[in-house]
Each structure stands twice: as structure tokens, then as C-alpha cells.
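Q: What shape does this take:
(3 chains)
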Amino acid sequence: MDKNPCFCSQDPEVRKGPWTVEEDLILIDYINHHGEGVWNSLAKAAGLQRTGKSCRLRWLNYLRPDVRRGNITPEEQLLIIHLQSMWGNRWSQIAKQMPGRTDNEIKNYWRTKIQKHIIKRSESEMSDLVNPPSAASASTDHHGVSAADATGIAYSPPSDRGCRAEFTFSPPPAAQVPDDGVFWSVEDLWPMQSLISGTGHDAQFYPL
DNA sequence: AACAGTCTCAACCGCCGTAAG
DNA sequence: CCTTACGGCGGTTGAGACTGT
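A: All right, here's what the predicted structure looks like:
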């Protein structure tokens, strides 16, 4: 087991790193014929020089037939933000609410697309405290819509109580999805104004 | 065209909970 | 009850892709 990682990491029979097409085919073929089972046994029985964990991860995050990859929709973006604000980093739980999406994908999306904006906004807010922006400059996005009104998402920086930062979220109207089918970027969705004046009440971070 | 910086995401690591013996 | 084996989870890493200069 992995509480004795030295055995596995020093085992020359165990492969690491990116999966090859051949390995993928072996795993898919084996699971198609025998189903998912005890992963360590499965890896050996299939003739894969991989750990059971590695096989499980590869199957769940990549090879499973119902996995949808890429093109996170605006609705999914908002759902991720909403669920993350309710549950925190319970990625597997969030993934269960989003059929076809994996916890790994959601986690990566959050960290690369959303969390980045939290940090940026926190930094800009800190600078705004020193150099306050004009009221008009932050009130609309480039679609000409109030960002806070459009998304209903609001962010409040950490309080002096030592709690985590808070999001608030109210479901946006369906009209926010563009007719041309082009996905909105996080920049489009991000509620710039609300960073300063969040007013929603639906959800918030739980203190750690 | 070449290089540097940034971003994305597949995969690994380590911890925890639980079931079985 | 204790130990072991395993699955599951969240955090992190690093290689390759992409973008800007």
C-alpha cells in the first residue's frame, strides 16, 4: 500500500509518467471485459506495469467513456463557483453534481482560471484602498453589462476574524449565455464591481 | 526565427477513512 | 482492538503547448 511508498517507488517493474496508447488500450479492453474491480489486482491481471492507483486515475479522469473534456460552459463555470463557495475544495463532491466532469478537471479549472482571479482581485483591491478608482471605471464589463448584476457572484476579502474569503452567489438569468454559442471567458463572467460591494446572501465559504 | 515567460492539465504524492482478517 | 490493504481525496508538480517580445 502507499503507506509504504518506498516499495513501489523503487520497484523497477512499476512504470510512471504519461500513459502510452498501448497501455490505454490494454486498460480499456480489460475493463470492458472484466469491469472495474480491485485496482491493484486489475493492474496485474491486465499485465500493466502500473500501480492500481495509477490505473484508477487514468480510467476515471481520462478513459471512462462518459468523461467530457474541455469546453467548460458558462453554466458550468458558474456552477463550479457556486458549489465551491458552498463546499470549499470538495472537488469530488462538486464533480458529482457535474456529470461527465472529473474532480481533477474541476480542480485544475478552479486553480488556473478562477483562483487566479481571486488573487488578482485581492491585489487590485488592496491597491484600490490606496488609490481608489473612479466609480464609473469598474461598473461595467466590455459587454456593457454590470458584471455584478450579470453573474450575481460577489467576493468579499478575508475579514479580520481570520475567516476565509467569502463568495456570495445568486443564479444569473439565462439571458447571460450568448446566442452565438461562444463561451464567455472568466473575465467576462467575473464580477468586478462586486469585489468591492458584494451583497448576495446565498452562499459563503465555510471557515477552515 | 528564437527565446522567455506563462498557461494548461495529466499524473504523482501523501494523507485519511474504511473494510477485512 | 490492532494491523494491513485498498480506495478515495486534495494538493502539487512538471512537461509540453501556447503567447508575447
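
Q: quick one: the helices in chain A?
A: Shown for chain A, the helices assigned by DSSP state H span residues A:5-9, A:21-34, A:39-45, A:52-58, A:74-87, A:91-96, A:103-109, A:115-130, A:147-151, A:186-189, A:194-197.

Q: export the fifth one as PDB, just CAs?
A: This points to helix A:74-87. C-alpha atoms of helix A:74-87 as PDB (Å, rounded to 0.1, in the frame of the first residue of the first chain):
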ATOM      1  CA  PRO A  74     -20.600  29.400 -18.800                       C
ATOM      2  CA  GLU A  75     -23.200  27.500 -16.800                       C
ATOM      3  CA  GLU A  76     -20.600  25.100 -15.600                       C
ATOM      4  CA  GLN A  77     -18.300  27.900 -14.700                       C
ATOM      5  CA  LEU A  78     -21.000  29.400 -12.600                       C
ATOM      6  CA  LEU A  79     -21.900  26.100 -11.100                       C
ATOM      7  CA  ILE A  80     -18.300  25.500 -10.100                       C
ATOM      8  CA  ILE A  81     -18.000  28.900  -8.500                       C
ATOM      9  CA  HIS A  82     -21.300  28.300  -6.700                       C
ATOM     10  CA  LEU A  83     -20.500  24.800  -5.400                       C
ATOM     11  CA  GLN A  84     -17.000  25.800  -4.500                       C
ATOM     12  CA  SER A  85     -18.400  28.600  -2.400                       C
ATOM     13  CA  MET A  86     -20.700  26.200  -0.700                       C
ATOM     14  CA  TRP A  87     -18.500  23.300  -0.200                       C
END
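
Q: Where does the prediction get shaky in chain A?
A: Applying pLDDT under 70 to chain A flags the ranges A:1-12, A:119-208.

Q: Could I get the contacting residues of A:Arg56?
A: A:Trp39 (C-beta atoms under 8 Å, 6 or more residues apart in numbering). Backbone N, C-alpha and C define where each C-beta goes, glycine included.

Q: What separation do you get for it and A:Ile31?
A: Distance, A:Arg56 to A:Ile31, using C-beta to C-beta, to the nearest Å: 10 Å.

Q: same deal with A:Trp19?
A: Distance, A:Trp19 to A:Ile31, by C-beta to C-beta: 14 Å.

Q: A:Leu57 too?
A: Taking C-beta to C-beta, one finds A:Leu57 at 13 Å from A:Ile31.

Q: Verify the contact between A:Trp19 and A:Trp59 for me.
A: No: assessed by C-beta atoms under 8 Å, A:Trp19 is found out of contact with A:Trp59, at 10.3 Å.

Q: what residues does chain A put near DNA strand C?
A: Counting by C-beta under 7 Å from any atom of the strand, the residues of chain A close to DNA strand C are A:1-4, A:37-41, A:52-53, A:56, A:89-93, A:103-104, A:107-108, A:111.

Q: If any of these are buried, put those into a ChimeraX selection.
A: Buried residues within these, by 16 or more other C-beta atoms under 10 Å, are selected in ChimeraX with:
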select /A:39,52,56,91,103,107
